[in-house]
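Q: The sequence and its predicted three-dimensional model are supplied below.
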Amino acid sequence: MKLWGPSLLCFTASTILAGNVHLDKRSPDSAEPGAGGAGAPPVEKSPDNIELPPTLDTAEFDAVTGQKLTVVEFYSPYCHHCKSFFPTWQKAYRTFKSKFANSNTDMRQVNCVENGDLCEREQIEFYPNILLYAPILDKDGKPTGKSKNIGSFPRTLEKNEPNLLSYIQESIADYDPASSSMPSASKEMNVDEMLKAISGEITKPIFVSFWQANKKQWDSVDLGGKLRFGENCVDCLESKQSWDKLSNKIVSLADTGHLLCQDYPKICEKLELNSFENGKRSLPKFIMFLPKDRMTIRFDYDGPIDVDKMKWWVNKLFVNSAYEVVSARGITEVMEFTKVLRHEPFAQNYPLKSKVTVVFFFDVDNVTPEDEAVLPYMLRTLQKSPFNIQLYKGKHKRILENIQTSGENLIPYINYDESEKYEFNEAMQIATSITNVPTIIVLKDNCLIPEIYQNFALEQMRKYDEIEKFLERAQYPFIGELTPELVSTYFVDYDQVDDVKGAKVVIIFVDLDDLKQTDEALYKLSLVAHEYNFLKKSFYFNQVLEQRASKEAEVEKLKAKNAETMEIMTAMRKEVPHLFNNDDVVFTFINKRKVENFEYVRGWKINPNNYQVGDAIVVSKDHRYFWDTDLNNNKLRNEPKQIKSVLVSLLHNDNKVQLKFVGSPYGGLLYFMNYVHDFGIVGYLGLIALVYALVMVPMRFRRRKNGSRGIIGVNNGAFLPKKSNKD
């Protein structure tokens, strides 16, 4: 087991006090000696006299965490950070026992030297490590005696008493059923407080809600009065209930406040809350304000009024706006980073976290404020992403060394097929990863293929629109679950995919009730994903080499002909494009147990009911075409060789695999109608016009040819001979 942490091995004061605290096996709620027998009045303790409970061994850990929500500090007796942290933990515990005495929650500690097996089981890799555990409930909502880790103390929060208590408070609000009676943590904002928030003159982020209401209405709702909200405040009563719950669930991350726009119309007008104008019916609006040292201040929340989604959004912004500096080792603490993958399935926790880590990588000796000016632009782009994306800064050269090692270890991983072996191509590795610094590196869970923003000139880190496109392309998890909410992100309109030529999505179907089978399926998909990325880079790298050779041959030919110097220089300056970002493929899976949810997704035309667990399909990113058979017209399954053959065929555009059209009902002899259907109403109107032309033009031609005869044999005299004057 690793025994390192934010610093080197350290020691905790709680072990020093083990003689009079941790070895005391009495319950913290038991009576003191001499406190009286049964029926005697309890002896009240002041907070300063409340003692810490004993540390937990494995059996006690499972018993405690299996019954109640528990915040656990894992520590090492050789950790000086743990030692200095002990008074804070002790003080927080005493306040916790007074403030949250009626909650079904506890604070406990685990000594990882005395209980190394437990700490290894819980994957504790640094100290002090504060994790949150909750009981696993059965179908009737009763504890099963088992528990699971459901969270951890935020890395970017200082471990002090107020933050510990805030973290406990929001944990209770999240997981304790009794939390519904907790009073709202949101405060009513006034002009001065709003001006400070708008200007960033705050020390902690604040999430503010804006309401089409006044104080009289707000207070009436709080007091259960009859006035309630006005008709122009749409669903505000339900929204306020959600807001009050949310305010307690983010207390460690951000302050919360509410502003009543009928009382302060000028502020709402300045904030351009236009939907509140002229008494329009409107939902509440929500804005997060950051301290100005985050380099950007205002972020508008435009998602649904849903407590969980709003909490996720706030947490993501809080973490990413800290621009935490991580080392190569620190990256392994925040994601499933690996430099090597084994040739076997491994157990994963579902739903997958599917983390994507974006690192602003810089040279600590040469970085400038102008270089870091890109960070707020990156923050805004990543905040719009629906994925589990985290933003950090990195300066350690070992990060680049790990990327090189991953590239080398990719080859043995994709050499699963004895009939086709690959070799490490150092020139290609350099061509696809070489860059100046600062730059941007994107790392993904259980992936050996990082994405690098190749910065060849200083101005490229100033091209924020190009960086935004890079991040939007790189935002997808290496392997992620495709849910109805993510359809609009994985698939975009036809006119939006021009910048990413040939982009596709691979979808496999799994049964998440069978975890072992799902682990096996995702292992196979991982093989395909890694191998295809290698083959795609090889394909385009070879194109670059061929174009360079062609360019050199052209230059030599001009020289042999004694061509003009300018003509030779023009040929030499001809740019050879690097197109490594074309034909991108992202890899996803659909839980077959929940395919009915896709029936209500707007624009989704693929019927998941047509596929079984283990099937696979490839869909174009513009959601127009799909392929569900292999080169031999067999049903496409989640088998590495089979999917690879389809993707390589599409990469080479050799037409060996049958193209199908999403949502088209045509097949067999009417296959040609797919091309008409592909253009929608325009295609059908064009077909009607063509049929009309094919029918009417010959008819008119025949009428002209036989113009002397109409319906009754005469065409109105149009072709009768003219009478002469004599007649």
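A: Nice, I can see it.

Q: give me the low-pLDDT residue ranges for the stretch 151-300 of the chain?
A: Low-confidence segments of the stretch 151-300 of the chain (pLDDT under 70): 178-180, 223-227, 278-279.

Q: Run the chain-centre distance for the helix ranked longest in the chain.
A: When the chain is parsed with DSSP state H, its longest helix is helix 515-560. Put simply, helix 515-560 sits 27 Å off its chain's centre (CA atoms, centre = their mean, to the nearest Å).

Q: next helix or strand past that helix?
A: helix 565-573 (DSSP states H and E).

Q: what comes up buried for that following helix?
A: Using 16 or more other CB atoms under 10 Å as the test for burial, helix 565-573 gives 568, 571. Glycine gets a C-beta too; all of them are placed from N, C-alpha and C.

Q: which secondary structure elements does it contact?
A: helix 515-560 (3 or more CB pairs under 8 Å, 6 or more residues apart in numbering; DSSP states H and E).

Q: tell me the angle whatever helix or strand Ser649 lives in makes with helix 515-560.
A: Assigned by DSSP H and E, Ser649 belongs to helix 640-652. Counting by axes from the mean of the first three to the mean of the last three CA atoms, to 10 degrees, helix 640-652 points 30 degrees away from the direction of helix 515-560.

Q: helices or strands next to the very next helix or strand once past helix 640-652 in the packing?
A: As assigned by DSSP H and E, the chain's next helix or strand after helix 640-652 is strand 660-661. Here strand 660-661 touches strand 625-627, helix 673-678, going by 3+ CB pairs under 8 Å, 6+ apart.

Q: related to what we said a few turns ago, hey, C-alpha coordinates of the helix holding Ser649 in CSV?
A: Written as CSV, here are the backbone C-alpha positions of helix 640-652 (Å, rounded to 0.1, in the frame of the first residue of the first chain):
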residue,chain,number,x,y,z
PRO,A,640,-12.6,-6.0,-31.5
LYS,A,641,-11.7,-7.4,-34.9
GLN,A,642,-15.2,-7.0,-36.3
ILE,A,643,-15.6,-3.4,-35.2
LYS,A,644,-12.0,-2.5,-36.2
SER,A,645,-12.6,-3.8,-39.7
VAL,A,646,-15.7,-1.5,-40.1
LEU,A,647,-13.9,1.6,-38.7
VAL,A,648,-10.8,1.0,-40.9
SER,A,649,-13.0,0.6,-43.9
LEU,A,650,-14.8,3.9,-43.2
LEU,A,651,-11.4,5.5,-42.5
HIS,A,652,-10.1,4.5,-46.0
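
Q: Which one of the helices and strands packed on strand 660-661 has the poorest average confidence?
A: Ranked by mean pLDDT, the helices and strands packed on strand 660-661 end with helix 673-678 at the bottom, a mean of 69.

Q: Quick one: distance of the next helix or strand after that one to the chain centre.
A: Downstream of helix 673-678, the next assigned helix or strand under DSSP H and E is helix 680-705. Chain-centre distance of helix 680-705: 52 Å, with CA atoms, centre = their mean.

Q: Let the chain start at 39 from now.
A: Okay, using 39 as the starting number, the last item reads as helix 718-743.

Q: What mean pLDDT does helix 718-743 get?
A: Per-residue scores along helix 718-743 average to 77.

Q: Tell me which other helices or strands it touches.
A: Using 3+ CB pairs under 8 Å, 6+ apart, helix 718-743 is in contact with helix 711-716.

Q: would Val657 count as being in a strand?
A: Yes. When classified by DSSP: H, G, I helix; E, B strand; the rest coil, Val657 is found to be part of a strand.

Q: May I have the residues that are in contact with the closest residue to it other than its chain neighbours?
A: Spatial nearest neighbour of Val657, chain neighbours left out: Phe664 (4.5 Å); criterion: CB to CB, 6 or more residues apart in numbering. By CB atoms under 8 Å, 6 or more residues apart in numbering, the contact list for Phe664 reads 644, 655-658, 698-700.

Q: how about 7 Å then?
A: Residues counted as contacts of Phe664 (CB atoms under 7 Å, 6 or more residues apart in numbering) are 644, 655-657, 698, 700.

Q: Quickly name whichever of the residues you listed is closest to Leu583.
A: Leu583 has its nearest neighbour among the contacts of Phe664 in Val656, at 28.0 Å by CB to CB.

Q: pLDDT at the closest one, what is it?
A: 97.

Q: hang on, it packs against Ser683?
A: No. Val656 is beyond contact range of Ser683, at 11.2 Å (criterion: CB atoms under 7 Å).

Q: follow-up on the earlier one: which other helices and strands contact the helix holding Ser687?
A: helix 553-598, strand 654-658 (3 or more CB pairs under 7 Å, 6 or more residues apart in numbering; DSSP states H and E).

Q: at 8 Å instead, please
A: Using 3+ CB pairs under 8 Å, 6+ apart, helix 678-690 sits against strand 542-548, helix 553-598, strand 654-658.

Q: quick one: Ile452 from Ile490, how far?
A: 20 Å (CB to CB, to the nearest Å).

Q: quick one on the thing from earlier: buried ones in the helix holding Ser687?
A: Result for helix 678-690 [16+ other CB under 10 Å]: buried residues 678, 680-689.

Q: how about CSV for those residues, with pLDDT and distance to Phe529 added?
A: Putting these into CSV (pLDDT from 0 to 100; distance: CB to CB, whole Å) gives the following:
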residue, pLDDT, distance to Phe529
Pro678, 96, 24
Gln680, 97, 23
Ile681, 98, 19
Lys682, 97, 23
Ser683, 96, 24
Val684, 97, 19
Leu685, 97, 18
Val686, 96, 22
Ser687, 96, 21
Leu688, 95, 17
Leu689, 94, 20
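
Q: Show me which parts of stretch 136-150 are buried, residue by residue.
A: 138, 141, 143-150.

Q: now, among those, which is nearest to Leu107?
A: Thr143 (4.5 Å).

Q: Could you list everything that closest one pairs with in the sheet?
A: Taking DSSP bridges as the rule, Thr143 bridges to Leu107.

Q: Can you give me the neighbour number for Trp127?
A: 24 (other CB atoms under 10 Å).

Q: mind checking how far it is from Thr370?
A: In terms of CB to CB, Trp127 sits 26 Å off from Thr370.

Q: before we move on, what about Met737?
A: Taking CB to CB, one finds Met737 at 77 Å from Thr370.

Q: Those two: which is more packed in?
A: Legend: neighbour count by other CB under 10 Å for Met737 and Thr370, higher for Thr370 (16 against 9).

Q: Just give the nearest non-adjacent residue to that one, would you?
A: Glu163 (7.7 Å).

Q: which residues of the stretch 439-588 of the chain score low on pLDDT?
A: In the stretch 439-588 of the chain, residues with pLDDT under 70: 532-538.

Q: cool, the stretch 39-188 of the chain as well?
A: Judged by pLDDT under 70, the stretches of the stretch 39-188 of the chain that qualify are 39-86.

Q: what are the ranges of the strands in it?
A: Here the stretch 39-188 of the chain has its strands, by DSSP state E, counting those that start in this stretch, at 107-113, 143-149, 167-175, 181-190.

Q: Show me how far the first one is from its chain's centre.
A: Spelled out, that is strand 107-113. That offset, for strand 107-113, works out to 27 Å (CA atoms, centre = their mean).

Q: what's the angle between it and strand 143-149?
A: 20 degrees.

Q: who touches strand 107-113?
A: Here strand 107-113 has contacts from 50, 52, 94, 99, 102-103, 120, 123, 127, 141-150, 157, 160, 162, 165-173, 185, 202, 205-206, 209-210, 213-214, using CB under 8 Å, 6+ apart.
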